[in-house]
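Peer 1: need a structure here:
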Amino acid sequence: MTAGGEPSLRVGLDMTRTKAVLRAGSHYQKDLAQLAARFPASGRRELLAVEIALDDFLVGLEALGTWPSPQDVEWEEALAELVGGVLDDAESAERSLHEGGPDRRGMVTEDEVSALVGAGWRADLTAFQRRDVAYLLSMRHGANFSVPGAGKTRVALAVYAALRERGEVSRLLVVSPKAAYEAWNFETAECFGKPLVSEVMGKRPTVGTEVLIVNYERLDRSLPALAAWLRSAPSMIILDEAHRMKLGVQGTYGSACMALGPLARRRLILTGTPAPNGARDLENLLSFVWPGHGRRVVTSAVGGGDLSHASKVLRPLFTRTTKQELGLPPVETKIRYVKLPPLHREIYDALVGRFTARAEAARDDFDALGKALLRLLMAATSPALLSLGASRYEPLSYQLPPLDVPAEDSLFALLRDLPSYEVSPKYAETLSLVAANAALGRKTLVWTTFVRSLTTMQRMFADYQPAVVHGGTPDREQQLRRFRDDPDCLVLLSNPATLGEGISLHQDCHDAVYVDRDFMAGRFLQSLDRIHRLGLAPGTQTRVTVLAASDTIDEAVAKRLEEKVGFMGRILDDPSVQQLADLQEESSVAGGMDALDIQALLEHMTARGHG
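Peer 2: Alright, predicted model coming up:
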């Protein structure tokens, strides 16, 4: 102790439990500054205190060895326990990396799984599910990156059942999207002879709850109650669709997860898309599983640029069932580039700063509209989406036959009235695909980012009695049921933000069209899996068509998604993901229709009162 009896250094956690706080004794100000310099991202709270992101602190633990008076450093008990566990985990994970898998001495085999889950377990497990359970039980903490449809929920519950049988844990916290509640409630009742007492988080957990389910949006404001619940009994925490916290401590979801993780005896993450934007996402996910170690391993593995080598290095840290292992028929993925008609092209070019003489007159208006990414994505579909409608979701109304473009009107006025003069080539191409599929009795799932696109196509495709689901849809389940069960409902219109996760459509639909895409690779991959997942009949032909407008933001999106999906395919060593990074290009032929055919079809619908 210092002369006054105080510790030379106190090491503890901040209120959020996502940062370490170092408080020095009054005579150690200079030493604290030197120690803080070893943690580049540290922040000075006051003269004798610094705070360091927990993961950075755990990565750089050895820096504490430079403290001049180590014998009188005082540790907060919770942080000391965390550090001890992290060092054990790091040693175990390091051994796994060197030995190509978990420690052979403690390796669980597939044949042992049935006995380990206990007599209360009643659900069937496939061979690949037993393999994944065995691997995860062989690790102290784990990651399951299996594709959607592989049964990650059931595998996770089997791991929990085995740990409960061992007496290691007695309760389970599941963090998941709201769309996954149904699956967790179903599986907790289906897998156990005596269903687990589970509940979705309300104001506070009910006494006696064994499985507590909470969504990512609620995490931050429920943090104190969840932390107390985890501390009160040996617990396991599962992050379902864990890519939701890919920002780590930089994001609201990630910082809440990182705060809760160390309070659980066992940590497990589930996602089929662990690196939607590259290595940083994977660093943050594995940092939750192995604080202070996960990020360092990924950085080291990927740093050399050899992704084949990186895949081999990282492979022991996770389990993954691929679509090839599921025996799914291949998916046919194509991209069609459509050409913008003349007025559409002139308006789009003005939005990105390529001005014609007519556009110069409204240059300020176009500059204001064209700066935001989402607006450019809208403009590649139809610039008219940028103009304000009478209501938020007002559909575009196309004039049939189209009017001649008045030479005297300003380009900005023409933007607002564009549907009177030209049909969006993306809508026309989508209509042709829907019509061709409908003629074969095939239903089509149409994805677009924008709700006004959904309502516009709802009007245009009325002959096919489309179901529509977006964030503001009040009767979502009814719409989905109609798409599945009504033979006359041949189209489902939705956006990936709403239906990209937690829904299965593969029994009813085998064709998908993307009117547009954004830069979110994970959302793209997740949405693809709505119609291509376990349970497809052998020989089922699944077809995915991506539309892109030539010489627009769509080309940049396609290039970046190709890079992101390609990275993930190589890191996961999964050829089925690799294939999705290389969409086969095909000509835009509007399903065999020329421009007059499209116009005739639209006029037919208008004549029947659908326009």
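Peer 1: mind listing the helices for the stretch 401-550 of the chain?
Peer 2: Here the stretch 401-550 of the chain has its helices, by DSSP state H, counting those that start in this stretch, at 411-416, 425-439, 451-460, 476-485, 496-499, 521-528.
Peer 1: buried residues in the fifth one, which are they?
Peer 2: Which is helix 496-499. For helix 496-499, a neighbour-count test (16 or more other C-beta atoms under 10 Å) marks 496, 498-499 as buried. C-betas here are computed from N, CA, C, even on glycine.
Peer 1: residue 341 and residue 266: what is the separation?
Peer 2: Residue 341 sits 58 Å away from residue 266, taking C-beta to C-beta, to the nearest Å as the criterion.
Peer 1: between those two, which one's more packed in?
Peer 2: Neighbour count, other C-beta atoms under 10 Å: between residue 341 and residue 266, residue 266 has more, with 21 against 17.
Peer 1: so the residue lying closest to that one once chain neighbours are set aside is in which element?
Peer 2: Closest residue to residue 266 apart from its sequence neighbours, by C-beta to C-beta, 6 or more residues apart in numbering: residue 236 at 4.2 Å. Of the helices and strands defined by DSSP states H and E, residue 236 is found in strand 235-240.
Peer 1: pairing partners for that strand, with directions?
Peer 2: If you go by DSSP bridges, strand 235-240 pairs up with strand 171-176 (parallel), strand 266-270 (parallel).
Peer 1: next one: the first one to chain centre, how far?
Peer 2: Just to be clear, that refers to strand 171-176. How far strand 171-176 lies from its chain's middle: 18 Å, per C-alpha atoms, centre = their mean, to the nearest Å.
Peer 1: repeat that for stretch 64-77.
Peer 2: Taking C-alpha atoms, centre = their mean, one finds the center of stretch 64-77 at 41 Å from the center of the full chain.
Peer 1: residues in contact with residue 335?
Peer 2: Residue 335 is in contact with 545-548, 558, 583-586, counting by C-beta atoms under 8 Å, 6 or more residues apart in numbering.
Peer 1: what is the burial count for residue 14?
Peer 2: Counted with other C-beta under 10 Å, the neighbours of residue 14 add up to 14.
Peer 1: grab the nearest non-local neighbour of it.
Peer 2: Here the residue nearest residue 14, using C-beta to C-beta, 6+ apart, is residue 21, at 5.2 Å.
Peer 1: contacts only, for that neighbour.
Peer 2: Residues in contact with residue 21, defined by C-beta under 8 Å, 6+ apart, are 10-14, 45, 49-51.
Peer 1: how near is it to residue 33?
Peer 2: Relative to residue 33, and taking C-beta to C-beta, residue 21 is found at 15 Å.
Peer 1: and if you look at residue 239?
Peer 2: Relative to residue 33, residue 239 is positioned 37 Å away (C-beta to C-beta).
Peer 1: of the two, who's got more company?
Peer 2: Neighbour totals were compared for residue 239 and residue 33, and residue 239 leads with 27 against 14 (other C-beta under 10 Å).
Peer 1: who touches that one in this structure?
Peer 2: Taking C-beta under 8 Å, 6+ apart as the criterion, residue 239 is in contact with 175-176, 245, 257, 268-271, 288.
Peer 1: okay if I get the residues you listed as CSV plus pLDDT, neighbour count and distance to residue 440?
Peer 2: CSV is the format used below for the contacts of residue 239 (pLDDT from 0 to 100; neighbours: other C-beta atoms under 10 Å; distance: C-beta to C-beta, whole Å):
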residue, pLDDT, neighbour count, distance to residue 440
175, 97, 27, 42
176, 94, 24, 37
245, 90, 28, 42
257, 92, 27, 45
268, 97, 27, 43
269, 96, 28, 41
270, 96, 24, 36
271, 93, 26, 35
288, 90, 26, 46
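Peer 1: out of the residues you listed, what pair is the most spread apart?
Peer 2: Using C-beta to C-beta, the pair of the contacts of residue 239 lying farthest apart is 176 and 288, separated by 14.6 Å.
Peer 1: could you list the domains of the chain?
Peer 2: Annotated domains of the chain cover 9-75, 83-321, 331-336+423-607 [automatic domain parsing].
Peer 1: make a markdown table out of these and add distance to residue 393.
Peer 2: What follows is the domains of the chain, written out as a markdown table (distance: least, C-beta to C-beta, whole Å):
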| stretch | distance to residue 393 |
| --- | --- |
| domain 9-75 | 39 |
| domain 83-321 | 22 |
| domain 331-336+423-607 | 5 |
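Peer 1: select, out of those, the one closest to residue 351.
Peer 2: domain 331-336+423-607 (9.6 Å).
Peer 1: state the helix or strand in which residue 58 lies.
Peer 2: Counting by DSSP H and E, the element that carries residue 58 is helix 54-59.
Peer 1: sorry, slip of the keys, the one I care about is residue 213.
Peer 2: Using DSSP H and E, residue 213 sits in strand 211-215.
Peer 1: and the helix holding residue 58, average pLDDT?
Peer 2: Summarised as a single mean, pLDDT over helix 54-59 is 81.
Peer 1: low pLDDT regions in this structure?
Peer 2: Scanning the chain for pLDDT under 70 picks out the ranges 1-4, 41, 89-90, 92-106, 354-372, 390, 587-611.
Peer 1: can you rerun that using 50?
Peer 2: Within the chain, the ranges that satisfy pLDDT under 50 run 369-371, 591-593, 605, 608-611.
Peer 1: rewinding a little: and the contacts of residue 21, which are buried?
Peer 2: Counted by 16+ other C-beta under 10 Å, the contacts of residue 21 give 10-13, 50-51 as buried.
Peer 1: tell me the contacts of residue 199?
Peer 2: Residue 199 makes contact with 205-206, 209, 211-213, according to C-beta under 8 Å, 6+ apart.
Peer 1: quick one: those as CSV, columns for neighbour count too.
Peer 2: Formatted as CSV, the contacts of residue 199 follow (neighbours: other C-beta atoms under 10 Å):
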residue, neighbour count
205, 19
206, 10
209, 18
211, 22
212, 25
213, 22
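Peer 1: picking that back up, give me the next element, helix or strand, following the helix holding residue 58.
Peer 2: Downstream of helix 54-59, the first helix or strand assigned by DSSP H and E is strand 73-75.
Peer 1: so what are the sheet partners of that following strand and their directions?
Peer 2: Paired strands of strand 73-75, with direction, are strand 9-13 (parallel) (DSSP bridges).
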